[in-house]
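>>> Have a look at this prediction, sequence included:
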Amino acid sequence: METASFDFGMIGLGVMGRNLLLNMADHGYHVVGFDKDQAKATSLESFATPGTTVKGVTTLAEMVRQLKRPRKLMMLVPAGPIVDQVINEALPLLEEGDIIIDGGNSHYVDTLKRIKFLEDKKVHFVGMGVSGGEHGARTGPSIMPGGDVAAWRELKPILEAVSAKVNPPQNEPCVAYMGKGAAGHYVKMVHNGIEYAIMQLISEVYDVMKRSLGLTNDEMHEIFKKWNEGEMSSFLVEITSEIFRKKDELTGNLLVDMILDKAGSKGTGKWTSQDAMDLPVPVPTIDTAVSMRDLSVYKDDRVKAASLYKPKIKAITKNKERIIDQLHDSLFAATIICYAQGLAMLHKASSELNMDIPLKDVVRIWRGGCIIRSSLLELFTTAFRRDSSLSNILLHRKTASLVKKRTAALRRTIQLCASARIPAAGLASALSYFDAFCSETLPTNLIQAQRDYFGAHTYQRTDKEGIFHTEW
């Protein structure tokens with residue numbers, strides 16, 4: 001009989017699963033990986049650092065037999081029915097107290113069902129967000145576990161070891177308990193929604209630079225590189241700079257110019273929009289980012305519309321340096337507003353969905369390893385540490401001072417885009433959200449009158465308490 005000598009098991013040895021497992025091995029853990037694909041299981045050990053203990057197997061039973069109790073198994077498989085299939089295959093092999101982790105981008109609603117199902121079987125289930133891509137998985141991701149506190153305590157030493165670290169020499173681990181139930185997957189979902197939104201904003205700024213200012217890829221590389229060295233330092237700005245330098249091996253051209261303008265998505269952005277509406281909490285820049293990706297797919301229709309309407313992009317030849325500075329401030333302000341929308345959604349969900357999400361820990365662990373890491377998160381961490389009940393980061397005085405200095409630039413950029421016929425739906429939605437959020441009065445009183453007129457939906461008054469209806 002095989003000796004149970006392994007600390008952690010991974011189900012699914014794609015790039016993410018393999019890299020995270022190898023990361024654990026590098027930190028002294030004995031790890032075993034399972035994949036039905038013989039090639040993936042066999043090659044796992046060849047990727048391991050010499051001297052580490054890594055094993056690949058092709059049956060789930062073989063892996064489970066070799067795990068120390070309580071057994072710790074993590075799935076990195078596609079979200080949806082495959083997750084349930086793996087759980088059902090693993091269950092007969094497990095015992096009371098064992099831990100199953102879903103590290104994929106599962107919808108939190110599915111995670112809640114799985115928690116309940118496995119509770120009855122006395123098996124712990126943890127929904128856990130992992131951000132950082134394949135490189136982050138290998139060298140240190142941001143990790144967002146939630147749910148079962150007992151399981152979190154068992155997993156904490158391993159997850160802290162393999163997570164990204166920030167603020168040397170303290171080397172704070174970018175992992176923390178995200179709250180009750182499906183909080184881990186919920187936080188990761190909103191993280192991805194923010195990611196969608198910031199990517200949309202960057203793409204709109206790029207569009208202005210390329211089609212209106214006529215900048216070269218080399219020039220844009222230098223601009224984004226400079227921006228990343230300042231207050232807008234972030235992973236997404238950094239990789240944007242690098243993208244402009246990459247050559248296409250097939251043609252010798254710069255690769256970004258050879259990529260078709262149709263964007264895909266894996267569901268998390270859409271879920272963020274849908275679930276925000278259910279709460280309800282407004283996240284219009286995330287909504288817009290999802291819509292623009294959807295619109296990009298209709299390439300054939302866009303080509304026909306361009307032929308029909310013949311839009312002429314207005315070239316800007318003067319004051320380019322000033323406009324580049326304006327674009328910097330616009331992107332900076334709009335990025336803060338994106339974070340504000342996502343964090344406000346987490347604040348609302350924390351209470352409405354009984355998750356008790358600690359926002360100070362959310363922004364703290366996003367500072368390293370993850371796709372939306374940014375120097376802004378240091379500011380947000382300070383803000384939530386001082387006021388854990390802060391409902392919107394735009395209400396934080398220092399954050400407000402940064403935004404106020406740049407909203408004039410954001411307005412000018414949107415005007416420029418409108419006159420130049422450059423679509424800037426993301427930037428415009430960020431400004432509209434900001435203006436509405438800062439407006440003491442909104443025209444919603446007229447909407448309430450209309451609703452009461454045609455549907456007797458009632459309204460509240462400004463001068464007295466109660467619910468009212470008028471026979472119009």
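Great, that's in hand.

>>> pLDDT weak spots in this structure?
Scanning the chain for pLDDT under 70 picks out 1-2, 266.

>>> Could you chop it up by domain?
8-177, 191-437 (automatic domain parsing).

>>> quick check, distance from the first one to the centre of its chain.
Its chain's average C-alpha position is 20 Å from that of domain 8-177, according to C-alpha atoms, centre = their mean, to the nearest Å.

>>> Give me the most central residue, the protein.
Here the mean C-alpha position of the chain is nearest to the C-alpha of Asn192 (C-alpha atoms, centre = their mean), at a distance of 2.0 Å.

>>> Give me the neighbour count for Arg153.
Neighbour count for Arg153, taken as other C-beta atoms under 10 Å: 10. C-betas here are computed from N, CA, C, even on glycine.

>>> Please enumerate the helices of the stretch 1-150 of the chain.
Ranges of helices within the stretch 1-150 of the chain are 15-26, 38-47, 60-65, 81-90, 108-119, 133-139, 149-162, based on DSSP state H, counting those that start in this stretch.

>>> Mind checking these for the one nearest to Thr335?
helix 133-139 (19.7 Å; C-beta to C-beta).

>>> packing partners for that closest one?
Packing contacts for helix 133-139, counted by 3 or more C-beta pairs under 8 Å, 6 or more residues apart in numbering; DSSP states H and E, involve helix 15-26.

>>> In three-state terms, how would Ser429 be classified?
helix (DSSP: H, G, I helix; E, B strand; the rest coil).

>>> Thought Thr285 was touching it, still the case?
Yes. Using C-beta atoms under 8 Å, Ser429 is in contact with Thr285, at 4.7 Å.

>>> quick one: which of these two has more around it?
Thr285 (32 against 27).

>>> so which strand or helix has that one?
Thr285 belongs to helix 284-296 when assigned by DSSP states H and E.

>>> Without its sequence neighbours, what residue ends up closest to Phe47?
Leu22 (5.9 Å; C-beta to C-beta, 6 or more residues apart in numbering).

>>> What residues does Ser234 make contact with?
Contacts here follow C-beta atoms under 8 Å, 6 or more residues apart in numbering; on that basis Ser234 touches Ile198, Asn228, Thr335, Ile372, Arg373, Ser374, Ser375, Leu376.

>>> Three-state assignment for the nearest residue to Leu359 once chain neighbours are set aside, please.
Distance criterion C-beta to C-beta, 6+ apart; nearest residue to Leu359, sequence neighbours excluded, is Phe384 at 4.7 Å. Recorded secondary structure, Phe384: helix (three-state DSSP).

>>> And Ser388, by the same measure?
Following three-state DSSP, we place Ser388 in the coil state.

>>> Tell me how far it lies from Thr462.
Distance of Ser388 to Thr462, given as C-beta to C-beta, to the nearest Å: 33 Å.

>>> for Gly136, same thing?
Distance from Gly136 to Thr462, counting by C-beta to C-beta: 51 Å.

>>> More neighbours: these two, which one.
Gly136 (26 against 6).

>>> Spell out, range by range, the strands that occur in the stretch 201-350 of the chain.
Taking DSSP state E, counting those that start in this stretch as the criterion, the stretch 201-350 of the chain contains no strands.

>>> Can you list the residue ranges for helices in it?
Counting by DSSP H, counting those that start in this stretch, the segments of the stretch 201-350 of the chain that form helices are 217-228, 235-243, 268-278, 284-296, 299-309, 320-352.

>>> buried residues in the second one?
Within helix 235-243, the residues that qualify as buried by neighbour count (16 or more other C-beta atoms under 10 Å) are Phe235, Leu236, Val237, Glu238, Thr240, Ser241, Ile243.

>>> host element of Leu402?
Using DSSP H and E, Leu402 sits in helix 397-404.

>>> chain center to that helix: distance?
23 Å.

>>> Show the subsequent helix or strand relative to that helix.
helix 407-420.

>>> Name the residues of that next one that come out as buried.
Neighbour counts over helix 407-420 (16+ other C-beta under 10 Å) mark Thr407, Ala409, Leu410, Arg411, Arg412, Thr413, Ile414, Leu416, Cys417, Ala420 as buried.

>>> you'd agree the first one is up against Ala334?
No. Here Thr407 lies out of contact with Ala334, judged by C-beta under 8 Å, at a distance of 9.6 Å.

>>> Pro141 contacts Ser163, correct?
Yes. Between Pro141 and Ser163 there is a contact at 6.4 Å, judged by C-beta under 8 Å.

>>> Compare those two and say which one has the larger neighbour count.
Pro141 (31 against 24).

>>> contacting residues around Thr251?
Met258 are the contacts of Thr251 under C-beta under 8 Å, 6+ apart.

>>> Please report how far it lies from Ile259.
On the measure of C-beta to C-beta, Thr251 and Ile259 end up 12 Å apart.

>>> One more: Gly103?
Applying C-beta to C-beta, the value for Gly103 to Ile259 is 29 Å.

>>> One more: Ala197?
21 Å.

>>> And these two? Which one has more around it.
Ala197 (31 against 11).

>>> Tell me how many other residues crowd the closest residue to Phe244 other than its chain neighbours.
The shortest distance from Phe244 to any non-neighbouring residue, by C-beta to C-beta, 6+ apart, is to His221 (3.9 Å). For His221, the neighbour count with other C-beta under 10 Å is 19.
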